[in-house]
Every structure is written in C-alpha cells, then in structure tokens.
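K.L.:
Need the 3D shape of this:
(one chain, ligands or ions: 1)
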Amino acid sequence: MKIFITRIIPDRGLVLVKEHYPTCDIWSADMPPSREELLQRVRGVDGLLCLLTEKIDAELMDAAGPQLKVISSMSVGVDHIDVAAATARGIPIGNTPGVLTDATADMAFALLFASARRVVEGEKYVRDGKWETWNPKLLLGADFVGATLGIVGFGRIGQAVAKRAQGFDMRVIYYDPTAQPAFDAQPADLETLLRESDFVSIHVPLTEKTRRMVNAEFLAQMKSNSILVNTSRGGVVDQAALYDALKAKKIFAAALDVTDPEPLPTDNPLLELENCLIVPHLGSASQHTRDMMSLLAAENLIAGLKGERLPNCVNPEVYK
Ligand code: DGY
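P.N.:
Okay, here's the model as predicted:
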C-alpha cells in the first residue's frame, strides 16, 4: 500500500500507521508541502493522511488516481476537503470528532477571560514599564457572574462551553435551529441572542451558509459592551466588518483563535487594535488532545486501507 502523510503527526498515531505500513511516505518539513509538491507526492497513493492546512479537492483526488481508498484528516473540521468530490469518487473521508471538544471549549473560555479581563493588555502594560501605581480605573473589564453568554452553534463544543459557563453562574442562551436544549441553556433566535448577550461565542462549522455569517449586520446587533469569541473557522467572520466594529467601539472586544487567511499576515489591520486578541489556531493544542487526534486519524486511515468502515466517517453515504 502506498501512503502519504502530509506532516509529522504526534507519535500516538504515527507509530500505529508505521506498525501497519512501515514504508509510508511522510512529509517531514515544519511547513506544509506546497500545492505542486502535494500534487506530486499523492500520485498513486492508496491512502492520504492530511491536516487542515491542505486543500483536498477534485484536482488532488484525480492527481492521486482511482486507487485512492481513503482520505483521513487529523481535524474535526473538513472545510478544507471537497466532501462532495470525494463522495462522487466513492472515497470515504475520516475526521477526529469528540476528542478535541474539551480542549476547544477551554480555549473559548481562555479567550473569553483574557479578553474580558484584559490580560494581554495588562501584560503589555507591565512590560512597557507603564505600571506606576495601583489605579482604581486601570484596565477595567467585564464581569462573568450573571452575564449572558450567547452560543452560536450548539453542537458538541458549543455545549461544552455552556457547561463551563454554568460554573461561573452565567445565563446561557444559544442559537442553533437543529439542536436540542441541554443543561440550563435556552434556545433563542439570532436577533434575540445578539441583543441580549454580553459574550457571543461562535461554534458553527464553516459551510456556504455560515461563511461571513458574522458580518456588519450581525455585529451591529451586538451590545456595545459585548465581546465576540471565535474558535470555529476564520471564514465565519467578515474581518473587515469586525475591524470597523472594533475600531468604532461598536463592540467592546473580540478574541479570535482562527482567522482568514491563516496565518494572518502581519500587516492585517486587526493586529493594530488593542481590543482584538488573536492566537494562532490553538483550540485543540493540548498534548493529550493532539495525541488522540493523531490516533483517530491513524485508525481512520488504516480502516480505509483495509476496506473497512472508517470509525469516524464524514460521508457515510459512500457505504450505501
Ligand atoms: C479541527 O480539528 O478542525 C480544529 O480546528 C483543529 O484545532
């Protein structure tokens, strides 16, 4: 079997793949392969294990060839893969749901806290030598107890965020027309959620429906003291509209784990704003979580190569 793995993944999964397929081809550089390199290296492979940094489209599947049996992504999100094109070719796609729920919810809360309590601004203030005395009005932020958290997208991660919010005695409302109520969270329409929330946390997958969902109109409906947190995908936010809203102080702050593009160019205007906190897509970046993601990705790859059903398959219709 010919296999290409697009980066050195954590040992938990890599060791398993190597046990089964010792001659697998692994891209060993820190940076992902370029498009040309990727198209070249996938030629003739039976299995592909990729990351969210690779665009897996029809052209790439055709470059691989008709023997391609499985595409396994070490991610839960699959917006980098043309799922319809894979399904049309009968290729199952594997992803890694569940194992990154808690780490991502933790990151949403870390961003919420850091932003609401101005942790990064405070740290910079100290480093810049500006700390001269205790000042009763210095870097005042927002309270959590009694505040309303609005969760947009109430799947696994959105619900894990809701669970955490309960420990801080927050009121939780959510917008997700397909979700069942859970915990003490109340469903709301989007307009109500934006009008009432002190914090808005985004947890929708990136699809044609959700692309640029957080636009000027969305932001205009948020409270002027509210904070936007995004740990889903950068493409869900219209970043030009977000810049305008933050600059004009139409909302208090934003905290982003994800941007569009990634990495965010250093001259992006959002980086000029003190009320915008940006980290480099770290939602699932805990040791255990990344180990488990690599394991699930390896299991999907191996199952696909053996002609077995993938344990976590995005397009189960290929089995019909
Ligand atoms: C995923 O798996 O889709 C996450 O964005 C990685 O952090």
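K.L.:
number of nearby residues for Ala248?
P.N.:
The number of residues packed around Ala248, counting by other Cβ atoms under 10 Å, is 10. Yep, even glycine has a C-beta here, placed from its N, CA and C like the rest.
K.L.:
Now for it: which residues touch it?
P.N.:
By Cβ atoms under 8 Å, 6 or more residues apart in numbering, the contact set of Ala248 is empty.
K.L.:
what do you get for Pro263?
P.N.:
When the contact criterion is Cβ under 8 Å, 6+ apart, the partners of Pro263 are Pro280.
K.L.:
Excluding chain neighbours, what is closest to Val204?
P.N.:
Setting aside the residues directly before and after it, Val204 is nearest to Gly153 in space (Cβ to Cβ, 6 or more residues apart in numbering), at 3.6 Å.
K.L.:
Give me every residue in the stretch 151-300 of the chain lying close to the ligand.
P.N.:
281, 283-284 (Cβ under 6 Å from any ligand atom).
K.L.:
Name the helix or strand for Thr87, please.
P.N.:
Taking DSSP states H and E as the definition, Thr87 sits inside helix 83-88.
K.L.:
whoops, Leu194 was the one
P.N.:
For Leu194, the enclosing helix or strand under DSSP H and E is helix 190-196.
K.L.:
Can you report how many residues lie near the residue in the stretch 201-320 of the chain that the ligand sits nearest to?
P.N.:
When scored by Cβ to the nearest ligand atom, the stretch 201-320 of the chain has Ser284 as its residue closest to the ligand, at 3.4 Å. Counted by other Cβ under 10 Å, the residues lying close to Ser284 total 23.
K.L.:
mind saving the C-alpha coords of the longest helix along the chain as CSV?
P.N.:
Determined from DSSP state H, the single longest helix within the chain is helix 287-305. As requested, C-alpha coordinates have been extracted for helix 287-305 and formatted as CSV (Å, rounded to 0.1, in the frame of the first residue of the first chain):
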residue,chain,number,x,y,z
GLN,A,287,-0.8,17.3,24.4
HIS,A,288,-3.4,14.7,25.1
THR,A,289,-5.9,16.1,22.6
ARG,A,290,-3.4,16.2,19.7
ASP,A,291,-2.3,12.6,20.6
MET,A,292,-5.9,11.5,20.4
MET,A,293,-6.5,13.3,17.2
SER,A,294,-3.5,11.6,15.6
LEU,A,295,-4.7,8.2,16.9
LEU,A,296,-8.2,8.7,15.4
ALA,A,297,-6.7,9.9,12.1
ALA,A,298,-4.4,6.8,12.0
GLU,A,299,-7.4,4.5,12.8
ASN,A,300,-9.4,6.0,10.1
LEU,A,301,-6.5,5.7,7.6
ILE,A,302,-5.9,2.0,8.5
ALA,A,303,-9.5,1.1,8.4
GLY,A,304,-9.9,2.7,4.9
LEU,A,305,-6.8,0.9,3.6
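K.L.:
tell me what that helix is packed against?
P.N.:
Judged by 3 or more Cβ pairs under 8 Å, 6 or more residues apart in numbering; DSSP states H and E, helix 287-305 is in contact with helix 11-20, strand 47-50, strand 70-73, strand 93-94.
K.L.:
Sheet partners, orientation included, of the helix or strand just after the first one?
P.N.:
The reference is to helix 11-20. Moving toward the C-terminus from helix 11-20, the first helix or strand encountered (DSSP H and E) is strand 25-26. Strand partners for strand 25-26, identified by DSSP bridges, are recorded as strand 3-5 (parallel).
K.L.:
Please work out the average pLDDT along the strand it pairs with.
P.N.:
Throughout strand 3-5, pLDDT has a mean value of 98.
K.L.:
And stretch 104-113, by the same measure?
P.N.:
Stretch 104-113 carries an average pLDDT of 98.
K.L.:
for Ala103, phi and psi?
P.N.:
Per-residue torsions, Ala103: phi -60, psi -40 (degrees, to the nearest 10).
K.L.:
and the residue nearest to it when sequence neighbours are not counted, how many neighbours does it have?
P.N.:
Beyond its immediate neighbours in the sequence, the residue positioned closest to Ala103 (Cβ to Cβ, 6+ apart) is Thr289, lying 4.1 Å away. Using other Cβ under 10 Å, Thr289 has 20 other residues around it.
K.L.:
quick one: the helices in the stretch 151-300 of the chain?
P.N.:
Taking DSSP state H, counting those that start in this stretch as the criterion, the stretch 151-300 of the chain carries its helices at 156-166, 190-196, 216-220, 239-247, 287-305.
K.L.:
Just put those helices in JSON lines and tack on mean pLDDT and distance to Pro205.
P.N.:
As requested, the helices of the stretch 151-300 of the chain are arranged in JSON lines below (pLDDT from 0 to 100; distance: least, Cβ to Cβ, whole Å):
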{"stretch": "helix 156-166", "mean pLDDT": "97", "distance to Pro205": "10"}
{"stretch": "helix 190-196", "mean pLDDT": "98", "distance to Pro205": "16"}
{"stretch": "helix 216-220", "mean pLDDT": "98", "distance to Pro205": "17"}
{"stretch": "helix 239-247", "mean pLDDT": "98", "distance to Pro205": "18"}
{"stretch": "helix 287-305", "mean pLDDT": "98", "distance to Pro205": "16"}
